[in-house]
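Visitor: coordinates only, sequence not included:
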């Protein structure tokens, strides 16, 4: 088997990752954070101590790691850095089932929004990090990209809030998922307060 020359490999098509693997969170309270992510993601630990844990919910050895670091300060919402991490579910029904199941565990979203690209439930972990649970509004990436390039998205890139309980009632009444995922047009919107939390 031949190898690419260094020149060919550095001047050709840029190499891209094959997937997003995991996120690592720093915390002063690994056990509480671990319990939160196990509950939210239905994850299990591949390795866990009171100082570090590696959680997975699929074939990857870990998707979320939590590392205990003594002396950390409180999370400051209005500083630069990572805003949130997101996980995708297979359908709106699955997302609403997640909502109902997590509600029974006392986990409620702090923001429910139809971005137009996704229907999303945002949760906050014990350290104040935001976690988005989402279902895609379009069947294809091309349709999603077209929406993101539309005048509608340019006018309101944040989305339209929704009530998960109302969506569940409509699903249970037989309304079509695709129809429920069409984002209502409300015109321009200021950044929601949640964005600064």
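Guide: Great, that's in hand. It should be emphasised that the depicted structure is a prediction, and the values quoted were computed from it without experimental measurement. Numbers count the residues shown, from 1 in each chain.

Visitor: Residue 34 and residue 193: what is the separation?
Guide: For residue 34, the distance to residue 193 equals 29 Å [CB to CB, to the nearest Å]. Where C-beta positions appear, they are placed from N, C-alpha and C, glycine not excepted.

Visitor: Please enumerate the strands of the protein.
Guide: Remark: strands assigned in the chain by DSSP state E are 23-27, 44-48, 52-56, 64-68, 84-89, 111-114, 118-124, 130-136, 160-161.

Visitor: Columns distance to residue 189 and mean pLDDT on top of those strands, output as CSV?
Guide: As requested, the strands of the chain are exported to CSV (distance: least, CB to CB, whole Å; pLDDT from 0 to 100):
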stretch, distance to residue 189, mean pLDDT
strand 23-27, 28, 97
strand 44-48, 39, 98
strand 52-56, 34, 98
strand 64-68, 31, 97
strand 84-89, 18, 96
strand 111-114, 10, 97
strand 118-124, 15, 97
strand 130-136, 18, 97
strand 160-161, 8, 96
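
Visitor: Need the winner for burial among those.
Guide: Ranked by mean neighbour count under mean count of other CB atoms under 10 Å, these are led by strand 118-124, which reaches a mean of 22.

Visitor: pLDDT weak spots in this protein?
Guide: 1-9, 196-197 (pLDDT under 70).

Visitor: residues contacting the residue nearest to the spatial centre of it?
Guide: The residue lying closest to the centre of the chain (CA atoms, centre = their mean) is residue 86, at 1.6 Å. Each residue near residue 86 by CB atoms under 8 Å, 6 or more residues apart in numbering is listed here: 120, 131, 132, 133, 134.

Visitor: One more: residue 106?
Guide: Not one residue lies near residue 106 by CB under 8 Å, 6+ apart.

Visitor: if I look at the residue nearest to residue 184 when sequence neighbours are not counted, how far off is residue 182?
Guide: Ranked by CB to CB, 6 or more residues apart in numbering and with sequence neighbours excluded, the top spatial neighbour of residue 184 is residue 160, at 5.1 Å. Using CB to CB, residue 160 is found at 10 Å from residue 182.
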